[in-house]
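A.B. asks: can't give you the sequence, but here's the structure:
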């Protein structure tokens, strides 16, 4: 109900925690003050436009904008409405025009996009981008896109320019990164559209330039044996010229943990001391470090604990908060790409078909699902931290996520996988009734 607003009434306006409260002014129709539980009090003018919508036009904050000033601003806004204009739309256009004067080239647009992404003011999927995602986008832009598009006026970038970029990458044999480059340009132009810098996004309807590969690589017993023992003794492997494989102890341990825990390579590479409880043999990943944003508890089988302890004893850690610190900066983790490159070099020297860290994850999941592991698919999904399996649980429980849900089942599954893996690689004898089954095509 409208009241004649006073400073005392506004200061007394205190909503409950997590909520907000509003008071409309009796003297100036449409003028209201909104208070949040954080103590912020903001002036708005509410009005109706020709299509029936009732936008709210921000006038300032109290007490910087007094009651008298807010009433004057509301009167001016009403004059625009009565003249057929939309004050909020006019302000957005003025802001866009001012921004456009400082953003001229595509490089300028990309810089603004990264600032908005880092501040969290641009949320293409409804949540802020993760720091590692922004870092990967920066690397992609610098390596594949900047040289071709940076100096062009952003408003002139259309389908022809994007096709020239992606086709040039494809002729060099670049496939997956070409799709990523296409997606990056599309997203930066979507940011420009949201900021009203362009009238439409010309890349939005373009299909991905390269076919998306569906990986189905699963290592068989012989390959697992070769690879695991190659990780343990890289000096015993050499190329045709007799040069031994180069593999740092940290990368060797990280790849063995990737195979053993069947978690994502970025999660293994970014493993933090603060997230480990070796006494309880658990590794707790917070949502902001996980691909799907869902906190994840990984029970650690005995060998995993031993590998982590071995990694913590390596020289050169220099008090790093990470289990696998970057050799360049101990305050940063090793790059996930380092695991992919190292595995690629090793499998090539071993004479194996191409395989990467994600293939280790798929291999472990496949063997757990086979009669040799005999683990239910739903439990495997929990181990992998997939979001598609609700398992009949309530949506509310899954949304807020009980961190210890299925911990016992996950520990059993990973313990079974440790035993099976160690049999395959020759660290334990195979059971009498087990015959190795080749899983790869």
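C.D. replies: Great, that's in hand. The model shown is predicted, which means the values in this text are computed figures rather than measured ones. Residues are numbered from 1 along each chain as shown.
A.B. asks: leaving out sequence neighbours, find the closest residue to residue 348.
C.D. replies: In space, not counting the residues next to it along the chain, residue 348 is nearest to residue 354; the distance is 7.6 Å by Cβ to Cβ, 6 or more residues apart in numbering. Bear in mind the C-beta positions are built from the backbone N, C-alpha and C, glycine included.
A.B. asks: just the pLDDT for the one you found.
C.D. replies: pLDDT, residue 354: 88.
A.B. asks: again, but for residue 332
C.D. replies: Among the per-residue scores, residue 332 shows a pLDDT of 90.
A.B. asks: my guess is it contacts residue 322, does it?
C.D. replies: Yes: under the contact definition of Cβ atoms under 8 Å, residue 332 touches residue 322, with a separation of 7.4 Å.
A.B. asks: these two: who's more crowded?
C.D. replies: More crowded of residue 332 and residue 322, by other Cβ atoms under 10 Å: residue 322, with 19 against 14.
A.B. asks: for the more buried one, grab phi and psi.
C.D. replies: According to degrees, to the nearest 10, the main-chain angles of residue 322 amount to phi -110, psi 150.
A.B. asks: for it, what are its contacts?
C.D. replies: The contact partners of residue 322, taken as Cβ atoms under 8 Å, 6 or more residues apart in numbering, are 270, 271, 272, 273, 330, 332, 333, 334.
A.B. asks: next: residue 307.
C.D. replies: Applying Cβ under 8 Å, 6+ apart, we find residue 307 in contact with 253, 256, 257, 260.
A.B. asks: repeat that for residue 363.
C.D. replies: Each residue near residue 363 by Cβ under 8 Å, 6+ apart is listed here: 218, 219, 224, 259, 439.
A.B. asks: most widely separated two among those?
C.D. replies: Taking every pair in the contacts of residue 363 and measuring Cβ to Cβ, the maximum separation is 14.2 Å, between 259 and 439.
A.B. asks: which one of the contacts of residue 322 is nearest to residue 112?
C.D. replies: When the contacts of residue 322 are compared against residue 112 (criterion: Cβ to Cβ), the nearest one is residue 332, at 25.9 Å.
A.B. asks: residue 4 versus that closest one, what's the distance?
C.D. replies: Computed as Cβ to Cβ, to the nearest Å, the residue 332 to residue 4 distance reads 58 Å.
A.B. asks: go on, residue 197?
C.D. replies: As it turns out, when the distance is counted by Cβ to Cβ, residue 197 lies 42 Å from residue 4.
A.B. asks: so which of the two has more stuff around it?
C.D. replies: Ranked by neighbour count (other Cβ under 10 Å), residue 197 and residue 4 place residue 197 first, with 18 against 10.
A.B. asks: ok, residue 340 to residue 177 distance?
C.D. replies: Taking Cβ to Cβ as the measure, residue 340 and residue 177 are separated by 13 Å.
A.B. asks: how distant is the helix or strand hosting residue 383 from the center of its chain?
C.D. replies: Residue 383 is part of helix 377-384 when elements are defined by DSSP states H and E. In terms of Cα atoms, centre = their mean, to the nearest Å, the gap separating the centre of helix 377-384 from the centre of its chain is 21 Å.
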